[in-house]
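[1] From the sequence below, what's the structure:
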Amino acid sequence: MNSEMLPIEEGHQNPSPGVHLQSGQSNIVFLTVTTEHREPWLANAKAHRLLRETWLAAKAWLVGDYLIMPDHAHLFCEPAEPDFAMERWITYWKREFRRRHGRPEWKFQSRGWHHRLRQDEDYSVKWRYVQENPIRKGLVNRIEDWPYKGCVHEIRW
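    Here you go, the predicted model:
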C-alpha cells in the first residue's frame, strides 16, 4: 500500500499530504484524527483539557468547533500561518499533547484525514452531523449531554 494512502477508517483513506489553500477564500478544513488501533482512551476530562490547551497554544492553525469521541476527534480548523503545512501542525500538537499527558498508551495514528470545505458546503450542516456522533454511537441521548466538545477559536465563512 502506498504510504500516502494509509487507512484511517473502513471505507476512508488518508488524503495526499497538504491542503490546497485558496487565496481570498475561506480555507476551513474538516480534520479527523484517530487513536492508534482505535483504542477508546480519548473521551475523558484530562485529554479534553489538554487538547484544548494544546490547540490554543499551537497557533499556526486555529481550531474552531471540535468534538472528541472515545477513539477519534473531529475538528474544524483554518490556517493562521498559510505557509505552515497542516501535517507539520498536526505533528506538532500531537507531540505537545503526548509530552503533556504522560500516558504512554495514549497514542494517535500518524497523520489524519482532512477535507477543505468548499464554498458550496454548509459548515453548520457538517457541524450538526459531527455533534450527532455520540447519539449515533449510543453514548448520550442529546447533543447537549456530550461533554467533550467545544470551540477554541471563532472561525466561520
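[2] Now do the SS call for residue 150.
    strand (DSSP: H, G, I helix; E, B strand; the rest coil).
[3] and residue 62, what element?
    strand 61-68 (DSSP states H and E).
[4] And for that strand, what's in contact with it?
    Residues from elsewhere that reach strand 61-68, judged by Cβ atoms under 8 Å, 6 or more residues apart in numbering: 28, 42-43, 47-48, 51, 55-56, 73-81, 84, 86, 89, 127, 130-131, 133-134, 146, 148-156. In short, each C-beta sits where N, CA and C put it, glycine included.
[5] From the contact counts, what lies against whichever helix or strand comes after it?
    Using DSSP H and E, the helix or strand that follows strand 61-68 in sequence is strand 72-79. Judged by 3 or more Cβ pairs under 8 Å, 6 or more residues apart in numbering; DSSP states H and E, strand 72-79 is in contact with strand 29-34, strand 61-68, helix 123-131.
[6] Which positions in the longest one come out as buried?
    It stands for helix 123-131. Of all the residues in helix 123-131, those buried under the rule 16 or more other Cβ atoms under 10 Å are 123, 126, 127, 130, 131.
[7] average model confidence for stretch 86-105?
    Averaging pLDDT along stretch 86-105 gives 89.
[8] next one: stretch 48-68
    Across stretch 48-68, the average pLDDT comes to 95.
[9] tell me how far the ends of it are from each other?
    Start and end residues of stretch 48-68 are separated by 7 Å (Cα to Cα, to the nearest Å).
[10] ok, now stretch 139-154?
    Distance between the two ends of stretch 139-154: 27 Å, counting by Cα to Cα.
[11] Quick one: residues in contact with stretch 69-77.
    With contacts defined as Cβ under 8 Å, 6+ apart, stretch 69-77 is touched by 28-35, 38-43, 51, 55, 61-67, 117, 123, 126-127, 130, 133-134, 137, 139, 148, 155.
[12] Let's see that with 6 Å instead.
    Outside stretch 69-77, the residues that touch it by Cβ atoms under 6 Å, 6 or more residues apart in numbering are 28-35, 38, 40, 42-43, 61, 63-67, 130, 133.
[13] Looking at the helices and strands packed on strand 72-79, which is nearest to residue 103?
    strand 61-68 (15.3 Å; Cβ to Cβ).
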